[in-house]
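Trainee: what's the 3D shape of this:
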Amino acid sequence: MSGKEPLSGLIDFHAHILPGLDDGPQTMAEAEALLRQAYGEGIRVIFATSHYRPRLWQYPPERYWQQLEAVQALTRQLGLDLRILPGSEVFYSGELIRALAEDLCRPLRNRFVLLEFAPDVPFPKMLRAMDILTANRYRPLVAHVERYACIQARPGLVRQLKEAGGWVQVNTGSIAGPPAPPVERAAARRLLRGTLIDILGTDCHHTAQRPASYQACADYLLRRCSEEYAWRLLVENPGVIFREP
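Mentor: Residues are numbered from 1 along each chain as shown. So this is what the prediction gives:
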């Protein structure tokens, strides 16, 4: 693997690109700009993980599928070689399993669930969520793990999440690229040094703020990590989720 040429064929497992569903783009024109940006960053597969949070970001399932189909059609009209796949960023609550069963929110492929918590979540609550999801035959993927105060204070706790069956996702911008809060960048890079990250995602919302930035992170990985670990983050682990069920 070489870092001399920009990487292509990247998979974004955490992206807010469907307009009008959450705090991502509000119009199709904004979604188009974000798609073009992602394509320019070498991304070729995007999981459209709109927020799902009861009583805050909650919409009829048919609305999600309508917007997904509209964005898929847009990529074809634009001639972009982009695959847009379904998923949700699901806020953990007692309604989680019911919401998944009723398609109020949806896993990624192969029963991976992109799971979000409040920034100040107590760590035992995170562990409990791992137990509930795995008991129901889902595979938890903890979103932007570098944002949680308990992990920022003790990054080694991620090992317990992984021992409980969880995978962890870190935002590309937290590692390198657009400015990130110092505490999040520090936590992300400590996790990277400890080879504790499983999956990357842009968590893109808009082209200017929280953009679809990937190349700076990929370059950082290729310069700072072992070739084996960079391969695992950029190819091997994404393949586990992305492969056809």
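
Trainee: any low-confidence regions in the protein?
Mentor: Across the chain, residues meeting the criterion (pLDDT under 70) sit at 1-6.

Trainee: Now do residue 180 against residue 48, distance only.
Mentor: 23 Å (C-beta to C-beta, to the nearest Å). Where you see a C-beta, it was placed from the backbone N, CA and C, and this is true even at glycine.

Trainee: Neighbour count for these two, which is higher?
Mentor: residue 48 (23 against 20; other C-beta atoms under 10 Å).

Trainee: so when I look at that one, I'm seeing a helix, right?
Mentor: No - counting by DSSP: H, G, I helix; E, B strand; the rest coil, one finds residue 48 to be strand, located in no helix.

Trainee: Pretty sure residue 17 is one of the things it touches, is it not?
Mentor: Yes - because the distance of 5.5 Å satisfies C-beta atoms under 8 Å, residue 48 is recorded as touching residue 17.

Trainee: what touches both of those two?
Mentor: 71, 84 (C-beta atoms under 8 Å, 6 or more residues apart in numbering).

Trainee: quick one, phi psi at residue 121?
Mentor: phi -60, psi 130 (degrees, to the nearest 10).

Trainee: Report the contact partners of it.
Mentor: 92, 148-150.

Trainee: which among those residues gets closest to residue 136?
Mentor: Among the contacts of residue 121, residue 92 lies closest to residue 136 (C-beta to C-beta), at 13.3 Å.

Trainee: The closest one: neighbour count?
Mentor: So residue 92, with other C-beta under 10 Å, has 21 neighbours.

Trainee: for the one 4 residues further on, same thing?
Mentor: The local packing of residue 96 (other C-beta under 10 Å) involves 22 other residues.

Trainee: could you check the distance from residue 219 over to residue 40?
Mentor: Counting by C-beta to C-beta, the gap from residue 219 to residue 40 is 15 Å.

Trainee: of those two, who's got more company?
Mentor: residue 219 (16 against 13).

Trainee: Now name the helix or strand holding residue 89.
Mentor: Using DSSP states H and E, residue 89 falls within strand 83-91.

Trainee: Ok, residue 130 next?
Mentor: Applying DSSP H and E, one finds residue 130 within helix 123-135.

Trainee: what's the angle from that helix to strand 83-91?
Mentor: 130 degrees (axes from the mean of the first three to the mean of the last three C-alpha atoms, to 10 degrees).

Trainee: downstream neighbour of helix 123-135 in the secondary structure list?
Mentor: Per DSSP H and E, the helix or strand that comes after helix 123-135 is strand 139-142.

Trainee: That concludes my questions; thank you for your assistance.
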